[in-house]
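1. Show me how the following folds:
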Amino acid sequence: MSALIRFIKKLSPCRRREDIGDQVDEQEQQDQVDEQEKHEQVDDASHQEQASDVNHQEQAKDEGHQEEKSQMLLTLRDLQRTMDPLIAAQVYNNHHNPLCRLPEELLLHILHCLNGDVVSLHCLRRVSRIFRRLINEPDIWKHMSLPLSARFTFYSEEPWHLPTDAWMQLKQYLRQDQTCDRCKLHCTAERSASRNYYCDFSPLTGTDYTLYCHACSSHHDVLAFSLSNQDQDKRERRCLGRQGAVRLCEHIRIPWATIEAHINRWQQHSPGDWQACLDDFSIECHHPSHDTRCTAEEPQTWPRARLETDQDDQNSVLLILEWKPHSGLDAFTLVPDGLAPVSELRTLFQKYRKGPASILVPSYPAIPLPELLCFAPTQCDCLHYETGIGKRSIVACPWYNPRFFRDKKRPLCSSGHRYFRYESGQKIRMAKHWPRGECNPVCLVTIYQQEILVCRKTDGDKINPTHMWFHAMDPATYPRPTSLHDSPLCEEMSCMNYYRRLKSIDCRVTTV
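-> Residues are numbered from 1 along each chain as shown. The predicted model follows:
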């Protein structure tokens with residue numbers, strides 16, 4: 001009986017209507033789902049098409065930039081066939097650079113719109129000669145924190161007297177512009193706020209984390225130790241200053257143990273006789289490639305390391321690394337008016353850069369040949385720049401022509417024919433001599449020097465690596481990186497983060 005009742009209910013009209021209604025609802029829901037999927041597919045296709053258009057636009061833009069760059073290089077090469085590369089770059093800018101064709105009134109208006117933003121003005125001053133000259137205008141220069149009289153004599157690459165936050169911002173901009181792609185990833189990455197960007201070895205900001213160095217019998221900041229020596233339970237811990245070495249050339253390294261042993265031996269043998277101690281120290285590299293003397297009768301031009309007293313502080317002992325290569329008598333030929341062709345000097349200095357010169361005074365991305373700064377065009381008229389117009393030279397000061405390369409008795413130019421990096425102890429000086437007598441071919445002597453403070457005469461029986469020694473060490477001679485050194489060991493010479501490049505800071509006057 002119950003089975004019959006269930007069969008009747010199943011066939012009843014109400015039940016069939018409910019089933020039909022459910023089927024209709026399910027069909028409507030399925031239709032809505034299908035419609036939504038169609039819209040999503042259309043939207044996806046639209047987004048893909050837009051992304052494809054953007055990619056094509058970026059690709060076309062990149063291709064345009066590459067084509068423009070290739071055309072620029074071709075034009076520059078054509079100009080350099082008849083003129084000096086620096087003159088060729090200036091001629092190219094005057095004729096092809098849109099910036100150089102803008103009215104100066106408009107450029108001055110742009111500078112006024114900066115409202116005294118000294119960081120932006122400093123960046124623009126490095127962009128072109130036009131901005132460098134326009135920023136010398138009194139109403140713009142007043143923001144530079146320098147006297148008005150320094151407008152046309154201030155050509156240093158060091159920053160103006162900027163506040164700390166402005167200098168840090170400028171430093172970040174310069175680093176991003178002059179670093180390789182690998183190092184840019186580290187420059188743009190978020191860094192620890194406690195990191196001291198001025199110095200790799202000085203204490204961290206807001207911290208007082210030091211470790212004991214058993215070799216020095218004193219405490220150093222944690223950054224002065226390699227990662228393996230930063231363990232609190234480490235025994236016989238040694239700082240980086242005692243692990244690394246400074247380089248005299250590509251063949252000779254001088255570790256701290258050599259300096260320490262020599263001074264300690266003399267202090268035990270003849271206490272207080274510093275002059276004899278300094279005179280007895282000498283290290284030379286006798287590799288044949290370093291001997292550039294003009295004649296066999298002259299002494300060899302070996303790279304040399306020696307000790308001497310600081311002329312400005314008789315209590316300080318300096319390690320002097322130096323090399324004095326000779327150009328030879330046929331390295332360049334003076335033009336009729338007694339000037340040296342800058343193209344031939346450039347070739348000479350590039351040859352020096354393959355030897356000890358690149359170690360003692362490394363080049364920077366913005367200064368590939370620091371030797372030429374000894375003949376700054378704004379202060380020296382001893383070089384001949386080929387202009388391509390009647391073999392004419394550009395003379396900085398027509399009323400003052402000392403003929404440095406021709407007359408032995410003439411004084412130096414106002415430039416002094418020297419280039420100093422006071423903060424790192426690196427120096428380049430130019431000298432001259434005539435092995436065959438005056439009025440014969442002249443030989444140019446380029447003097448490369450690096451000064452490193454190693455101790456003070458009042459330090460007592462034990463001397464430890466100085467802060468300047470830490471910075472002068474070749475980073476390839478000690479363990480890197482430490483746990484807090486987040487920058488890579490870059491070996492690209494064109495990169496601002498090149499590992500041999502000393503930081504432009506003045507923090508090397510104290511011990512670590």
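
2. Model confidence for E190, exactly?
-> For E190, the model assigns a pLDDT of 42.

3. Can you list the low-confidence ranges for the stretch 351-500 of the chain?
-> 389-404, 406-415, 438-439, 480-489, 499-500 (pLDDT under 70).

4. meant to ask about the stretch 1-150 of the chain
-> 1-31, 33, 38-47, 49-51, 53-54, 143-150.

5. What is the burial count for Q311?
-> Applying other Cβ atoms under 10 Å, we find 8 residues neighbouring Q311. The way it works is simple: take the backbone N, C-alpha and C, and place the C-beta from them, glycine included.

6. quick one: it from W266, how far?
-> Applying Cβ to Cβ, to the nearest Å, the value for Q311 to W266 is 21 Å.

7. ok, now W141?
-> 54 Å.

8. Quick check: phi and psi at the spatially closest residue to R436 that is not a sequence neighbour.
-> Nearest residue to R436, sequence neighbours excluded (Cβ to Cβ, 6 or more residues apart in numbering): L329, at 7.4 Å. Main-chain torsions, L329, degrees, to the nearest 10: phi -90, psi -10.

9. The strand or helix carrying Y419 packs against which elements?
-> If you go by DSSP states H and E, Y419 is part of strand 418-421. Applying 3 or more Cβ pairs under 8 Å, 6 or more residues apart in numbering; DSSP states H and E, one finds that strand 418-421 contacts strand 426-433.

10. hmm, who's touching the strand it packs on?
-> 360-361, 370-371, 373-375, 404-405, 408, 417-421, 442-451, 502 (Cβ atoms under 8 Å, 6 or more residues apart in numbering).

11. quick one: the strands in the stretch 301-450 of the chain?
-> Listed in chain order, the strands of the stretch 301-450 of the chain (DSSP state E, counting those that start in this stretch) span residues 304-309, 316-323, 340-341, 383-384, 418-421, 426-433, 443-456.

12. Return the most buried member of those strands.
-> strand 383-384 (a mean of 25; mean count of other Cβ atoms under 10 Å).

13. That one pairs with which strands, parallel or anti?
-> strand 340-341 (parallel) (DSSP bridges).

14. Let me see the mean pLDDT of the partner strand.
-> 86.

15. can you list contacts of it?
-> F332, T333, L334, V335, C382, L383, H384, E386, F405, L444.

16. could you dump those to CSV with distance to P271?
-> As requested, those are exported to CSV (distance: Cβ to Cβ, whole Å):
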residue, distance to P271
F332, 51
T333, 56
L334, 54
V335, 59
C382, 49
L383, 52
H384, 57
E386, 61
F405, 49
L444, 44
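
17. nearest to L321, of those?
-> L444 (20.8 Å; Cβ to Cβ).

18. do you know how far that closest one is from S327?
-> From L444 to S327 the distance is 4 Å (Cβ to Cβ).

19. overlap in contacts of these two?
-> Common neighbours of L444 and S327 (Cβ under 8 Å, 6+ apart) are L348.

20. my guess is the residue nearest to R436 meets L444, correct?
-> No. The criterion here is Cβ atoms under 8 Å, and L329 misses it with L444 at 10.1 Å.

21. What about the residue nearest to R436, how many residues nearby?
-> Residues near L329, counting by other Cβ under 10 Å: 15.

22. so how far is W434 from it?
-> In terms of Cβ to Cβ, L329 sits 9 Å off from W434.

23. Dump the strands of the stretch 301-450 of the chain into TSV; add distance to R237 as well.
-> Output for the strands of the stretch 301-450 of the chain, formatted as TSV (distance: least, Cβ to Cβ, whole Å):
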stretch	distance to R237
strand 304-309	28
strand 316-323	25
strand 340-341	54
strand 383-384	53
strand 418-421	33
strand 426-433	31
strand 443-456	22
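
24. Can you say which of those strands is nearest to T179?
-> Of all the strands of the stretch 301-450 of the chain, strand 418-421 comes closest under Cβ to Cβ, at 19.9 Å.

25. What strands line up against the closest one, and which way round?
-> According to DSSP bridges, strand 418-421 has these partners: strand 426-433 (antiparallel).

26. Report the inter-axis angle for the partner strand versus strand 316-323.
-> Here strand 426-433 runs at an angle of 60 degrees relative to strand 316-323 (axes from the mean of the first three to the mean of the last three Cα atoms, to 10 degrees).

27. Kindly format the C-alpha coordinates of strand 426-433 as PDB.
-> C-alpha atoms of strand 426-433 as PDB (Å, rounded to 0.1, in the frame of the first residue of the first chain):
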ATOM      1  CA  GLN A 426      96.600  59.800  -3.900                       C
ATOM      2  CA  LYS A 427      98.600  62.200  -6.000                       C
ATOM      3  CA  ILE A 428      99.800  62.700  -9.600                       C
ATOM      4  CA  ARG A 429     102.500  65.300 -10.500                       C
ATOM      5  CA  MET A 430     104.200  66.100 -13.800                       C
ATOM      6  CA  ALA A 431     107.900  66.700 -14.200                       C
ATOM      7  CA  LYS A 432     110.200  66.900 -17.200                       C
ATOM      8  CA  HIS A 433     113.800  66.400 -18.100                       C
END
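
28. what's the residue nearest to R436 in contact with, if anything?
-> Counted by Cβ under 8 Å, 6+ apart, L329 has contacts C294, P435, R436, N440, P441, V442, C443.

29. which of those residues count as buried?
-> Buried members of the contacts of L329, scored by 16 or more other Cβ atoms under 10 Å, are C294, P435, P441, V442, C443.

30. of all the residues you listed, which two lie farthest apart?
-> The widest separation within those (Cβ to Cβ) is 10.2 Å, between C294 and V442.

31. now the strands for the stretch 151-300 of the chain?
-> Counting by DSSP E, counting those that start in this stretch, the strands of the stretch 151-300 of the chain are 210-213, 218-221, 245-247, 253-255, 282-284.

32. Pairing partners for the last one, with directions?
-> Just to be clear, that refers to strand 282-284. Strand 282-284 is paired, per DSSP bridges, with strand 304-309 (antiparallel).

33. what angle separates the strand it pairs with from strand 443-456?
-> 50 degrees.

34. What lies in contact with strand 304-309?
-> 248, 252, 254, 262, 274, 277-278, 281-284, 316-323, 454.

35. One more pass at 6 Å, please.
-> L248, I254, L278, F281, S282, I283, E284, L318, I320, L321, E322 (Cβ atoms under 6 Å, 6 or more residues apart in numbering).
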